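Q: Task: produce atomic coordinates for the following.
(one chain, ligands or ions: 1)
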Amino acid sequence: MTPAPCDLGNSKDSLKNSIINHLRFTLGAYVESASKNDWWVATCLAIRDRVMDHATKSRTLHRQSGVRRVHYLSLEYLMGRLLENNLRNSGLYESTKAALGEMGKDLDALLDCEPDMGLGNGGLGRLAACFMDSLSTVNLPAIGYGIHYEFGLFRQEFVNGKQVEHPDAWMRDGSPWKIARPSYRQTVQLYGRVVQKFDDCGHPRSEWVETKALLGLPWDIPIVGYDSHTVNVLRLWQAQADEDFNFQVFNEGSYVEALRDKAIAETVSKVLYPNDSTESGKELRLVQQYFFVACSLADIVRRFKVGYTLPWSEFPSKAAIQLNDTHPAVAIPELMRILVDLEGLPWNEAWKICQETFAYTNHTLLPEALEMWSVSLFERVLPRHLQIIYQINQLFLEGDVEAKWPGDSEKKRSLSLIEERGGKYVRMANLSVLGSHATNGVAALHTRLLCERLFADFYALYPDRFLNLTNGITFRRWLDVCNPQLSALITETIGESWKKNADLLRNLDPHADDPAFRARYAKIKRDHKVVLAKIIEDECGVTVSPDALFDVQIKRLHEYKRQHLNLLNIVTLYREILDNPNADFHPRVFIFGAKAAPGYFLAKNIIHAINAVAAKVNNDPRVGDKLKVVFLPNYRVSLAEKIIPASDLSEQISTAGKEASGTGNMKLALNGSLTIGTLDGANVEIEEEVGSENIFIFGLTVEEVTELRAKGYNPWDYYWANEKLRNTIDWISSDYFTGNAEEFQPLRRSLLDHGDPYLCLADYQSYVDAQAKVDATYKDQDKWVKMAILNTARVGKFSSDRTILQYAEKVWNLPQVPIGE
Ligand code: H53
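A: All right, here's what the predicted structure looks like:
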């Protein structure tokens, strides 16, 4: 007999009971004496109980109906906090708040107990998190696969203005959201060598022998969609030592030695590599990639075999696999190995299955971000996979390439999976394009450049494989959760449907002309600025006025994103204020948030320079309130949620052609922060949507950048031609800001002697002019608020629900499967 289900109702009283029960029976705590953290855990568990039921239902229905599922393979998921998102998405926020309130607890205070789940570096990882939200919201059968890192992205601190990194032990105290699934543990092989064997019919078969084994333990995190009963899971693999990993040593009595091996095995999922858009080529990173890919594929294959007795040719009709950048691209030779070596399929049949199963998203054109693995390293770690890659390459070059360009060795060199110049390397991007049926860029401009530049030869060969799918963000977290006041105003004005159909935000358009609506919209912005001002005071010790213009640049620190161009403008303004104290300049607060990769020397020098300028400017009595510069430490999702609703101006100032898409630009525009930006990435499409009169575009276009470089770009020409610019650079690189003129020489050298690779000097004047236009516009508050409202109203296109439905239709061929109550 099935026992009566416990009370998992959504009423205040049910929730109250659940929370008390978890306090008592899960945590062993008394209501009277439980700590704040206990209350937070008990609340999460009460919500998780309600969510798990739907997760089981979703899984069961997906299995029974035999529909195709998408498997999203990503080395990064930048989830942030989960409780508030889960509460708002499941409609339990108000009842939970009331339940806790009756017990004398403030939900909003508890929300701050949650550590960020920061298992990603930047845009790519956050995109994966937004996609997970949308997949559940629009009822698509999906599983996200990744690594259960013990340490997420480092915690950043500033010491004397310089970045210092600390480990991020996000789950030192466990996490109420994750559930271990030991019965789905997988074993992964590594290293070893390959031998040729023959089967009973005399057919050759490769066998990978003398390998080291590693175990993968899956942890599931339920993903709650908005107003939908679909609960998909994010499955993260934790590396463990195989039980008989060095069993022999153990038996020989070397107990401690055996345990050392265990520790080595566990390093595989210990820590997230802290590089965004650059690759380090380290062995451990390749092992991480293979580890999570092998576990995930084994899991997918297990499900295929359990669920159906279908021929392998049907595999793609059950499983779509999306490669989030090239990081999981080793999945292509891994599936070939499974099909050919383990399942005995003929090569061509296996290859067809691979191409039908995989699709690849490219997120960058930056050459330093394109992954290449040295052939010797690859051969040592994954000898069989290297053989498979060689075979794929040979068949490709002798087949399709030779047929299209007979005898053209230049084409073969450019298309080959192996780079031969300056040592031999496996080109993971070429492998990804070749092994999949679809390759997409993440914004219209980026996709065009992929087809015209990076993958021009592949595009000539397989034009139908390329498509654009412009990125998106989940409007639940980036409006409903982070700005509930604006969300409520919108709902009150145009109804609630915009939360599921973001295009309806356009109905706000006419309200931009309504002074009463404008006043309410402006008040919400100002209230957020008051909250952010308090955070700035607490974190940076700087007092700022909420009536100043809040000018925000939040993103990873990278030269191509040009935080140093922003700095050039700040120092120019500083000088102008000193030269002309009575100028009519609206007070401004420049707000930065950014982490630099620990080994990225110049990025760290830029952080230091911004902090040094901040220290001077903020304490200069001649400047007063006109100019403040703050660099908030430890930028992360939960901090972004505080900054974004409070921002007036959004800095999206990358060199044209360098930022594939950007997604912070979308979040800020949605929250009514006007963009100052170049025609790069998704900025181009934001301009199309909001109208050129509601955005501040400046700088060189992609074509102009190419032309300038072809002509021969010399930053010294700009330096000598522009006195303001010259003074600014000289001032930064003097001893004025730190007392030591050597401090910012690396920055100066990069801008001048090393050729200013990201064209800061070329765009400087245009940027300064655009900033002057911003200043003038801000003085007309009515106009500014109107523009802000029109940004909120017109960025519906950038909902990740739209992006995900396009993937489902154009790439995965996936049905929407609503789950009942
Ligand atoms: O991916 C984002 C883009 C952004 C791009 C970023 C990205 C990473 O965060 C890491 C590696 C990589 O190759 C690209 O820089 O422009 O918006 C999501 O597509």
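Q: quick one: low-confidence parts of the stretch 251-400 of the chain?
A: Low-confidence segments of the stretch 251-400 of the chain (pLDDT under 70): 251-253, 307-308.
Q: tell me which parts of it are close to the ligand?
A: Contacts of the stretch 251-400 of the chain with the ligand, taken as Cβ under 6 Å from any ligand atom, map to D276, S277, D325, H363, T364, A369. Backbone N, C-alpha and C define where each C-beta goes, glycine included.
Q: Which pair in these has the greatest spatial separation?
A: Farthest pair in those (Cβ to Cβ) is D276 and D325. Separation: 11.1 Å.
Q: R68 against V811, yeah?
A: No - with contact defined as Cβ atoms under 8 Å, R68 does not reach V811; the gap is 11.5 Å.
Q: tell me, what's touching D276 and D325 both at once?
A: Each of L124 lies in contact with both D276 and D325 under the rule Cβ atoms under 8 Å, 6 or more residues apart in numbering.
Q: More neighbours: those two, which one.
A: Ranked by neighbour count (other Cβ atoms under 10 Å), D276 and D325 place D325 first, with 26 against 23.
Q: Need the nearest residue in space to the more buried one, chain neighbours excluded.
A: H363 (5.0 Å; Cβ to Cβ, 6 or more residues apart in numbering).
Q: where does this structure dip in pLDDT?
A: Ranges of the chain meeting pLDDT under 70: 1-5, 243-253, 307-308.
Q: Show me which residues of the chain sit near the ligand.
A: Counting by Cβ under 6 Å from any ligand atom, the chain comes close to the ligand at 121-124, 127, 276-277, 325, 363-364, 369, 442, 471, 659-663, 681.
Q: how about 8 Å then?
A: Within the chain, the positions adjacent to the ligand are 76, 120-127, 276-277, 325, 361-364, 366, 369, 442-443, 446, 471, 556, 659-663, 681-682 by Cβ under 8 Å from any ligand atom.
Q: What's the PyMOL syntax to select whichever of the residues you listed are buried?
A: The PyMOL selection below is limited to those of these classed as buried (16 or more other Cβ atoms under 10 Å):
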select buried, resi 76+120+121+122+123+124+125+126+127+276+277+325+361+362+363+364+366+369+442+443+446+471+556+659+660+661+662+663+681+682
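Q: From the residues of the chain next to the ligand, which land in helices?
A: Secondary structure from DSSP state H places G123, L124, G125, R126, L127, H446 of the residues of the chain next to the ligand in helices.
Q: Check the gap between the second one and E283 for me.
A: I take that to be L124. Distance from L124 to E283, counting by Cβ to Cβ, to the nearest Å: 22 Å.
Q: ok, now the fifth one?
A: Using Cβ to Cβ, one gets 27 Å for the distance from L127 to E283.
Q: Then S206 would be within a strand, right?
A: Yes - under DSSP: H, G, I helix; E, B strand; the rest coil, S206 sits within a strand.
Q: more neighbours, R68 and V811?
A: Higher neighbour count among R68 and V811: V811, with 21 against 17, using other Cβ under 10 Å.
Q: give me every residue that touches N619.
A: Counting by Cβ under 8 Å, 6+ apart, N619 has no contacts.
Q: Please apply the same query to N362.
A: 325-326, 429, 432, 439-442, 446, 450, 454-455, 660.
Q: switch the cut-off to 6 Å
A: Shown in contact with N362 (Cβ atoms under 6 Å, 6 or more residues apart in numbering): G441, L450.
Q: For it, grab phi and psi.
A: Note on N362: backbone dihedrals following degrees, to the nearest 10 are phi -90, psi 130.
Q: go on, A660?
A: Dihedral angles (degrees, to the nearest 10) for A660: phi -60, psi -50.
Q: ok, it to L454 distance?
A: To L454, A660 is 11 Å away according to Cβ to Cβ.
Q: H511 contacts A519, correct?
A: No - counting by Cβ atoms under 6 Å, H511 sits too far from A519 to count as a contact (11.4 Å).
Q: Tell me which of these two has more neighbours.
A: For H511 versus A519, neighbours defined as other Cβ under 10 Å are more numerous around H511 (21 against 11).
Q: is it true that G202 lies in a strand?
A: No - counting by three-state DSSP, one finds G202 to be coil, located in no strand.
Q: OK, contacts around it?
A: When the contact criterion is Cβ under 6 Å, 6+ apart, G202 has no partners at all.
Q: distance of S269 from the ligand?
A: Here S269 is placed at a distance of 20 Å from the ligand (Cβ to the nearest ligand atom, to the nearest Å).
Q: Now that residue. Nearest residue, chain neighbours left out?
A: Excluding its sequence neighbours, the residue lying closest to S269 (Cβ to Cβ, 6+ apart) is A239, at 4.1 Å.
Q: That neighbour should be in a strand, yeah?
A: Yes - under three-state DSSP, A239 falls within a strand.
Q: Run through the bridge partners of it.
A: G216 (DSSP bridges).
Q: just checking, it touches V268?
A: Yes - between A239 and V268 there is a contact under Cβ under 6 Å: 3.6 Å.
Q: Overlap in contacts, the two.
A: F291.
Q: Contacts made by stretch 795-803 with the rest, please.
A: Contacts for stretch 795-803 (Cβ under 6 Å, 6+ apart): 130-131, 134, 138, 469, 472-475, 502-503, 505, 666, 669-670, 689.
Q: ok, which pair from those residues is furthest apart?
A: So, those by Cβ to Cβ: farthest apart are V138 and A669, at 22.2 Å.
Q: Could you pull up the residues touching S647?
A: F550, V552, L668, S673.
Q: Taking those residues, please make a ChimeraX selection of just the buried ones.
A: Only the buried entries of the contacts of S647 go into this ChimeraX selection, using 16+ other Cβ under 10 Å:
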select :550,552,668,673
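Q: Narrow the contacts of S647 to those in helices?
A: Secondary structure from DSSP H places L668 of those in helices.
Q: nearest to E419, of the contacts of S647?
A: Nearest to E419, judged by Cβ to Cβ, of those is L668 at 38.3 Å.
Q: Grab the nearest non-local neighbour of the closest one.
A: Nearest non-adjacent residue to L668, counting by Cβ to Cβ, 6+ apart: S650, 3.5 Å away.
Q: which secondary structure elements does the lengthiest helix in the chain contact?
A: Determined from DSSP H, the single longest helix within the chain is helix 36-65. Here helix 36-65 touches helix 12-21, strand 212-224, strand 231-241, going by 3 or more Cβ pairs under 6 Å, 6 or more residues apart in numbering; DSSP states H and E.
Q: Deepest-packed of those, please.
A: Scoring the helices and strands packed on helix 36-65 by mean neighbour count under mean count of other Cβ atoms under 10 Å gives strand 231-241 as the most buried, with a mean of 24.
Q: Now do the helices in the stretch 51-200 of the chain.
A: Assigned by DSSP state H, counting those that start in this stretch, the stretch 51-200 of the chain shows helices spanning 83-90, 93-102, 107-111, 123-137.
Q: Among those helices, show me which one is buried the most.
A: Highest mean neighbour count of the helices of the stretch 51-200 of the chain: helix 123-137, a mean of 26 (counted as mean count of other Cβ under 10 Å).
Q: Run the chain-centre distance for it.
A: 8 Å (Cα atoms, centre = their mean, to the nearest Å).
Q: before we move on, the earlier item: report the contact partners of the residue nearest to S269.
A: By Cβ under 6 Å, 6+ apart, the contact set of A239 is L214, A265, E266, V268, S269, F291.
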